[in-house]
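# Sequence plus predicted model, see below.
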Amino acid sequence: MIWQPPLPQRLTQMSDDDLVAAITVRKASLRRDLIILGHHYQHDDVIRFADLTGDSFKLSQLAAERVQQAGARYVIFCGVHFMAESADILTPPQTAVILPDLSAGCSMADMADHDDTLDAWQQIHDTLAVTGFPRRGGRVIPICYMNSSAAIKAFCGEHGGAVCTSSNCRTVFQWALAGGTEPIGGDPEQAAGMIKILFIPDQHLGRNTAAAMGYDVTTQMCVWDPKDADGLGGCDESQIEDATFILWKGHCSVHKLFRPEHVDQARAQWPDVRVIVHPECCHEVVQKADLTGSTEGILKTIEQAGPGTRWAVGTEVNMVNRLANQAERRGVHVRILSECQCLCTTMIRINTPHLLWTLEELAEGRVVNRITVDPQVKKWSLVALNRMLELVGESEGQTKRRSDGATKRRSDEGVAQNLS
């Protein structure tokens, strides 16, 4: 976590009404020079000032488009550090991307350190060299989730891999298993046998997506623990050799809080409930849910839900509360899957005092908390991002139904075959 200097006391002691008034004035004074981005997990007090809202990658894309159209000089990203990095990668060099609180990081992204990734890459290849996998034409392709640092994105770009989002992970996996930048051709099953995917950093998104594609969670996947002191990430040589997916031991601290019994409790409260969860949830929760979807996918599903329907949603609480308030006006009932504090505690470090501080500094001609990505890192990050975009274009955020029907509820029925 990067240290954030304390704010002036006058800002932390201002009333909510005074903060709102001051932010409104400062924002208006900057007019076309400024774009404020608000992630779905942000608190309403901050979201009210956002020019654009969305998930992390969508916001970066929209910011880049708006900058190109209006020539904005400043982008304030009310999200977390890796999101601001993505915005800096996609916007022109002359545009300053600002994170109002530098301590707003992402614990998942922090679980994949660049040096640890280099070590893992070397150890995996050393192990596979003994088995003859490279001599048979086998390759390891690194794929990273959008929720990773620019350094990890660059690593994937430089080593023949790509970035993915929660909504297009399956598409990117299929591309990699077919050979990625060097398509293998021939029989698809034979091609897939020549490729292993190192997926960083969220083991749950990787496991859920691969399981939905028909891969066995026990025999065809292994988990690489970068903190394992005995080497090989806690795996043995046979696991590395047999696995098609080597999953980094990382997770989202919010979505990890949802448990299978929460699904049972929701169904006991509302027998007609439909459960929709984010694929960052553990495999057992996804198996029990009716639907799974990305942040944007969950949003669209609830927006399109019919009156009288009931929904239990497994994602961050600020987003769920906002969805519930909006849905109530249409007669749609929405609750969070669990009453435990499923809160992105790092993102909400960005609050109205921090937002006002950045605006006041900009009004005085000072850019604070600018997030910049090294040019070489930006270059290879863009390579990884562009590989993804060539595959999926703008089709982000689609929710996928379970192949056995959205109303199926038995815990032993298996994972969806269409999860992405």
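Nice, thanks for sending it over.
# When you work out contacts or count neighbours from here on, use the C-alpha atoms and nothing else.
Will do.
# which regions of the stretch 251-400 of the chain lie under the pLDDT threshold?
For the stretch 251-400 of the chain, the stretches with pLDDT under 70 are 394-400.
# how about the residue nearest in space to the middle of the chain, what does it touch?
For the chain, Asn147 is the residue whose C-alpha lies nearest the centre (CA atoms, centre = their mean; 4.1 Å). Asn147 makes contact with 82-83, 106, 108-109, 201, according to CA atoms under 8 Å, 6 or more residues apart in numbering.
# mind checking how far the closest residue to Arg136 other than its chain neighbours is from Phe173?
Leaving out its chain neighbours, the residue that sits closest to Arg136 by CA to CA, 6 or more residues apart in numbering is Met194, at 7.8 Å. Separation of Met194 from Phe173 (CA to CA, to the nearest Å): 14 Å.
# residue ranges for the strands of the chain, please.
34-39, 52-54, 74-78, 96-98, 139-145, 162-164, 195-200, 221-224, 245-248, 274-277, 291-292, 310-314, 333-336, 400-401 (DSSP state E).
# Compare the ones you listed and give me the one nearest Glu390.
Judged by CA to CA, the one of the strands of the chain that comes nearest to Glu390 is strand 162-164, at 10.5 Å.
# and that closest one, how far out from the chain's middle?
Centre-to-centre, strand 162-164 and its host chain are 11 Å apart (CA atoms, centre = their mean, to the nearest Å).
# just checking, what packs against it?
With contacts taken as 3 or more CA pairs under 8 Å, 6 or more residues apart in numbering; DSSP states H and E, strand 162-164 sits against strand 139-145, helix 150-158, helix 169-177, helix 375-392.
# right, and these - which one's nearest Glu339?
Nearest of those to Glu339, taken as CA to CA: strand 139-145 at 27.5 Å.
# List the residues that contact the spatially closest residue to Ala243 that is not a sequence neighbour.
Spatial nearest neighbour of Ala243, chain neighbours left out: Gln220 (4.3 Å); criterion: CA to CA, 6+ apart. Neighbouring residues of Gln220 by CA under 8 Å, 6+ apart: 242-245.
# before we move on, back to that, format the helices and strands packed on strand 162-164 as JSON lines; extra columns: distance to Glu296.
Formatted as JSON lines, the helices and strands packed on strand 162-164 follow (distance: least, CA to CA, whole Å):
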{"stretch": "strand 139-145", "distance to Glu296": "16"}
{"stretch": "helix 150-158", "distance to Glu296": "22"}
{"stretch": "helix 169-177", "distance to Glu296": "14"}
{"stretch": "helix 375-392", "distance to Glu296": "15"}
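# now these as CSV including mean neighbour count?
Below are the helices and strands packed on strand 162-164 laid out as CSV (neighbours: other CA atoms under 10 Å):
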stretch, mean neighbour count
strand 139-145, 25
helix 150-158, 25
helix 169-177, 22
helix 375-392, 18
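# what's the neighbour count on Lys227?
For Lys227, the neighbour count with other CA atoms under 10 Å is 13.
# And for Ala22?
18.
# Around Leu247, count how many other residues there are.
Leu247, neighbours per other CA under 10 Å, totals 23.
# what do you get for the one 10 residues further on?
Taking other CA under 10 Å as the neighbour definition, Leu257 ends up with a count of 17.
# Excluding sequence neighbours, find me the nearest residue to it.
Closest to Leu257 by CA to CA, 6+ apart is Cys342, at 6.6 Å.
# In contact with Cys280: list those residues for me.
Careful, residue 280 is Glu; it's not Cys. Glu280 neighbours (CA under 8 Å, 6+ apart): 202, 204-205, 251-252, 255-256.
# outside of stretch 245-252, which residues touch it?
With CA under 8 Å, 6+ apart, stretch 245-252 has contacts from 107-108, 111-112, 196-204, 206-207, 210, 220-226, 240, 280.
# same question but for stretch 46-62, I mixed them up
Outside of stretch 46-62, the residues within contact range by CA under 8 Å, 6+ apart are 24, 35-40, 63, 78-79, 83-84, 86-87, 90-91, 146, 295-296, 351-352, 355.
# Can you tell me which of those are buried?
For these, a burial check counting by 16 or more other CA atoms under 10 Å picks out 35-40, 63, 78-79, 83-84, 86-87, 90-91, 146, 295-296, 351-352, 355.
# still on that earlier bit, the contacts of Asn147: which two are farthest apart?
Counting by CA to CA, the most remote pair of the contacts of Asn147 is Met83 and Pro201, 15.1 Å apart.
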